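J.: below: sequence and its predicted model.
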Amino acid sequence: MSQLFPMKQVLGFVFSLLLTTVALAVYFLDMSFAAGMTILLVTAFIQAGPPVSCLYACRRNKG
């Protein structure tokens, strides 16, 4: 099963779903412009950061 669904692909997919959920929550909830933009900017920086697979590999190699 791990050949069909590599861990880094699964983690990336789950993380993408999480960020999409946050973006949809900002859209559907009645937030102020500043709060919505802050949340969207934070999620954009998280998404632009190192990929989840890199974080998983770095944590695995440390110990």
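T.: Arrived safely.
J.: the longest helix in the protein is where?
T.: Among the elements of type helix in the chain, defined by DSSP state H, the one spanning the most residues is helix 7-28.
J.: packing partners for that helix?
T.: Applying 3 or more Cβ pairs under 8 Å, 6 or more residues apart in numbering; DSSP states H and E, one finds that helix 7-28 makes contact with helix 33-48, helix 52-62. To be clear about C-beta, it is placed using only N, CA and C from the backbone, and glycine gets the same treatment.
J.: so what's residue 49 scoring on pLDDT?
T.: What the model reports as pLDDT for residue 49 is 70.
J.: any idea how far residue 9 is from it?
T.: With distances taken as Cβ to Cβ, to the nearest Å, residue 49 is found 18 Å from residue 9.
J.: what of residue 38?
T.: Following Cβ to Cβ, the distance that separates residue 38 from residue 9 is 30 Å.
J.: distance-wise, check the most centrally placed residue in the chain relative to residue 32.
T.: For the chain, the residue lying nearest the average C-alpha position, counting by Cα atoms, centre = their mean, turns out to be residue 15 (3.6 Å). When distance is defined by Cβ to Cβ, residue 15 is 27 Å away from residue 32.
J.: so residue 47 sits right up against residue 19, yeah?
T.: Yes - with the criterion set as Cβ atoms under 8 Å, residue 47 and residue 19 qualify as a contacting pair; they are 5.6 Å apart.
J.: of the two, which one has the most company?
T.: Under the criterion of other Cβ atoms under 10 Å, the comparison of residue 47 against residue 19 puts residue 19 first, with 15 against 12.
J.: tell me the contacts of the more buried one?
T.: Contact analysis of residue 19 by Cβ atoms under 8 Å, 6 or more residues apart in numbering lists 43, 46-47.
J.: now, which of the residues you listed sits nearest residue 5?
T.: Within the contacts of residue 19, distances to residue 5 taken as Cβ to Cβ reach their minimum at residue 47, with 21.5 Å.
J.: just to revisit the earlier point, rounded mean pLDDT for the longest helix of the chain, please.
T.: Across helix 7-28, pLDDT averages out at 86.
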